[in-house]
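sequence below, structure please.
(chains A, B, C and D, ligands or ions: 2)
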2 protein chains.
Amino acid sequence: MSSDSNSSIQQIPEPTLRRLPLYHQLLSEKHSEGAKNISCTEISNILGFTAIQIRKDLAYTGAVGRSKTGYNVKELLYILEDILGYTKTKDALIVGAGNLGLALMGYDGFKNYGLNIVAAFDTDPQKTGKLFHGKAVFDISELEKLAKEKGIKIGILTVPSAFAQETADLMVNAGIKAIWNFAPVKINVPDDVLVQHENLASSLAVLSHKLDNLTSVQRNE
Amino acid sequence: MSSDSNSSIQQIPEPTLRRLPLYHQLLSEKHSEGAKNISCTEISNILGFTAIQIRKDLAYTGAVGRSKTGYNVKELLYILEDILGYTKTKDALIVGAGNLGLALMGYDGFKNYGLNIVAAFDTDPQKTGKLFHGKAVFDISELEKLAKEKGIKIGILTVPSAFAQETADLMVNAGIKAIWNFAPVKINVPDDVLVQHENLASSLAVLSHKLDNLTSVQRNE
DNA sequence: TCCTTATCGATATTTATTTATCGATATCAT
DNA sequence: ATGATATCGATAAATAAATATCGATAAGGA
Ligand SMILES: NC(=O)c1ccc[n+]([C@@H]2O[C@H](COP(=O)([O-])OP(=O)(O)OC[C@H]3O[C@@H](n4cnc5c(N)ncnc54)[C@H](O)[C@@H]3O)[C@@H](O)[C@H]2O)c1
Ligand SMILES: NC(=O)c1ccc[n+]([C@@H]2O[C@H](COP(=O)([O-])OP(=O)(O)OC[C@H]3O[C@@H](n4cnc5c(N)ncnc54)[C@H](O)[C@@H]3O)[C@@H](O)[C@H]2O)c1
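Ligands and ions are numbered 1, 2, ... in the order given. As a prediction, the model looks like this:
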């Protein structure tokens, strides 16, 4: 039964999955404004995707709407929170308490997404043994012990690129099963560990490229 | 002629565009190691994409390889740098000198990507009038003047979600043509302004979802 | 009550992206 | 020099995603 519900989740396409948080954000806004129902047309007008695409995305979640009225806001919100894992909090740790690592550690928003950053780790004695945003930074040597003790499965990697691979190796040894990698390099891990690359350079490439086209189009008008 | 070269750039698919920085990073590593040539097979072994996909991606850049030897590393590196805009530096400004904004402001890596963050802006008197990472934080009232003076076209938006729309409006008024939005809300801008949404919630959704599947698969084995 | 209309949900079509095939060619070993 | 092989580049096929179509239905007004 639990494997059934999971295999149905599995087949949500990644593009859809990436849009679900946007629907969730909008829904929670609408809910707090007291809206009872919402249609794909209305979501479309606000978020800019086509109503057809939104209807298809929501179909993947199993949400059921009603003709003419659309979806029940509260119900859809719960469905999204469930699928997105916002209801069951997951612990995570950070390795690399630098500019980015500390920013993420201090980010309040994660608790809305069911992510609880427990602590950070670093090699720099200037960083370790201190509290940042109320959370402790430990020496990297404590990583394995704490991760195993607390059964932490998610690791956020924010060390300089040169140390990314060795840090990933430490995380794997510590029992981490999912690495959110902010270093702009590929890291290798065993098959049973997953890596989510968060590469700002990729986004910047898209931005910069679109901007180039925008300005060149304007020059030719 | 310039419109020709641009329209050919325009048709690079976004998935390809997002992979180009990864190729670039690998190429620059190989180049500094003294490698003269590199094949798609070799890139494939390192980055994990199929050689076929890599060959197709590189075809979009106009790079030409040689049978048996592959591509000239230096040549390919230059082509990628050109397409990715790493050679001509673009100025940018940040609005919202908080945790994330300051981390981005202090990020050295951007200079490799041709992005030069000139200054930041904030409303908080605790932040304004100071230097962070050697760069000034000005009051938001200075935004329009400085942006127009320096002809800055790229704005990085790192204010709390509640202020994202009004900040975007200020940026548009200041002549900003591309907004890199880190707030997890949709912002509306005129047609001639582009927005690149950087939504960590989307990435986290993918990560968390894959992790769910991974653990449920392991339970069922 | 009946008609009009907005919406959903299922299915079909189109478009985009990835993956496969295959001939041509350059390199290397014999 | 010859043959084996790795690779590219062009083209084709397969897969994935976005978009369109259309019948069914629920709401609201005539
Ligand atoms: N700062 C940004 O805005 C930004 C943006 C995109 C990507 N990144 C990437 O994120 C990573 C971190 O960037 P940053 O700006 O925070 O750098 P940073 O130098 O400010 O922080 C890196 C931290 O990692 C620690 N560290 C170094 N080696 C370590 C090791 N082996 N084990 C544990 N800790 C170690 C350092 O002591 C430091 O505290 C880099 O890979 C960078 O490319 C940063
Ligand atoms: N910190 C993170 O790791 C992180 C991660 C993902 C997304 N974000 C998003 O990035 C944004 C910033 O996050 P943060 O953690 O840096 O928040 P923060 O509170 O640390 O910083 C926000 C900054 O914006 C300034 N500000 C507020 N209103 C402003 C206005 N109208 N004009 C100019 N400046 C204004 C504040 O004074 C503050 O300095 C938020 O939207 C957040 O959701 C942050």
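
tell me where chain A has strands.
Assigned by DSSP state E, the strands in chain A fall at A:37-38, A:71-72, A:90-95, A:115-122, A:130-132, A:135-139, A:154-157, A:178-181, A:194-197.

hey, C-alpha coordinates of the third one in CSV?
As requested, the backbone C-alpha atoms of strand A:90-95 are provided in CSV (Å, rounded to 0.1, in the frame of the first residue of the first chain):
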residue,chain,number,x,y,z
LYS,A,90,13.3,16.4,7.7
ASP,A,91,16.5,17.2,9.5
ALA,A,92,19.5,18.4,7.5
LEU,A,93,23.0,19.5,8.1
ILE,A,94,25.3,21.9,6.4
VAL,A,95,29.0,21.5,5.6
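
what is the mean pLDDT for it?
Averaged over strand A:90-95, pLDDT sits at 98.

now the second one
When pLDDT is averaged over strand A:71-72, the result is 98.

ditto for the fifth one
Per-residue pLDDT values across strand A:130-132 average out to 96.

how many neighbours does residue A:75 have?
Neighbour count of residue A:75, defined by other Cβ atoms under 10 Å in any protein chain shown: 14. Just so you know, the C-beta spots here come from the backbone N, C-alpha and C atoms, and that holds for glycine as well.

so it makes contact with residue A:63?
Yes - when contacts are counted by Cβ atoms under 8 Å, residue A:75 is listed as touching residue A:63 (7.2 Å).

just the helices in chain A please.
A:2-10, A:14-32, A:40-47, A:51-61, A:73-84, A:99-105, A:143-150, A:164-173, A:200-219 (DSSP state H).

mind listing what's buried along the second one?
Taking 16 or more other Cβ atoms under 10 Å in any protein chain shown as the basis for neighbour counts, the residues of helix A:14-32 that come out buried are A:16-28, A:30.

for stretch A:97-116, same thing?
A:97-107, A:110, A:113-115.

what about residue A:72, neighbour count?
By other Cβ under 10 Å, the residues close to residue A:72 number 18.

now residue A:48: phi and psi?
Residue A:48 adopts backbone torsions of phi 90, psi -10, taken as degrees, to the nearest 10.

can you tell me the closest non-neighbouring residue to it?
Using Cβ to Cβ, 6 or more residues apart in numbering or on different chains and skipping the chain neighbours, the partner closest in space to residue A:48 is residue B:186 (7.0 Å).

which residues touch that neighbour?
Residues counted as contacts of residue B:186 (Cβ atoms under 8 Å, 6 or more residues apart in numbering or on different chains) are A:22, A:26, A:46, A:47, A:48, B:197.

how much space between it and residue A:110?
20 Å (Cβ to Cβ, to the nearest Å).

now do residue A:207
24 Å.

now do residue A:120
Between residue A:120 and residue A:110 the distance, using Cβ to Cβ, works out to 13 Å.

swap in residue A:13?
Residue A:13 sits 25 Å away from residue A:110, going by Cβ to Cβ.

same check, this time on residue A:149
21 Å.

same question, residue A:82
Distance, residue A:82 to residue A:110, by Cβ to Cβ: 18 Å.

same check on residue A:19?
Separation of residue A:19 from residue A:110 (Cβ to Cβ): 20 Å.

need the contact list for the residue of chain A found nearest ligand 1.
Residue nearest to ligand 1 within chain A: residue A:98 (1.6 Å; Cβ to the nearest ligand atom). By Cβ under 8 Å, 6+ apart, the contact set of residue A:98 is A:122, A:127, A:158, A:159, A:160.

can you say which of these are buried?
Buried by 16+ other Cβ under 10 Å: A:122, A:127, A:158, A:159, out of these.

quick check: residues of chain A near ligand 2?
Chain A comes close to ligand 2 at residues A:103, A:104, A:107, A:109, as judged by Cβ under 6 Å from any ligand atom.

re the thing from before, so which of the strands of chain A is the most surrounded?
strand A:154-157 (a mean of 26; mean count of other Cβ atoms under 10 Å in any protein chain shown).

so is it next to chain B?
Yes - contact between strand A:154-157 and chain B, assessed by Cβ under 8 Å from any Cβ of the partner chain, occurs at residue A:154.

mind giving me the domain split of chain A?
A:3-84, A:90-202 (automatic domain parsing).

worst average pLDDT in those?
Of all those, mean pLDDT reaches its minimum on domain A:3-84 (a mean of 92).

ok, residue A:36 - contacts?
For residue A:36, the contact set (Cβ under 8 Å, 6+ apart) comprises A:72, A:73, A:74.

now those in TSV, with distance to DNA strand D?
Putting the contacts of residue A:36 into TSV (distance: Cβ to the nearest atom of the strand, whole Å) gives the following:
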residue	distance to DNA strand D
A:72	11
A:73	14
A:74	16
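
a markdown table for the residues you listed, including distance to residue B:190?
Putting these into a markdown table (distance: Cβ to Cβ, whole Å) gives the following:
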| residue | distance to residue B:190 |
| --- | --- |
| A:72 | 35 |
| A:73 | 30 |
| A:74 | 35 |
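
and which of these is nearest to DNA strand C?
Of all the contacts of residue A:36, residue A:72 has the smallest distance to DNA strand C: 10.4 Å, by Cβ to the nearest atom of the strand.

ok, so what distance separates the closest residue to that closest one other than its chain neighbours from residue A:65?
Residue nearest to residue A:72 in three dimensions, not counting chain neighbours: residue A:37, with 6.0 Å by Cβ to Cβ, 6+ apart. Separation of residue A:37 from residue A:65 (Cβ to Cβ) stands at 9 Å.

same check on residue A:147?
Per Cβ to Cβ, residue A:147 is found 43 Å from residue A:65.

looking at these two now, which is surrounded by more residues?
Using other Cβ under 10 Å, the more surrounded residue of residue A:147 and residue A:65 is residue A:147, with 24 against 18.
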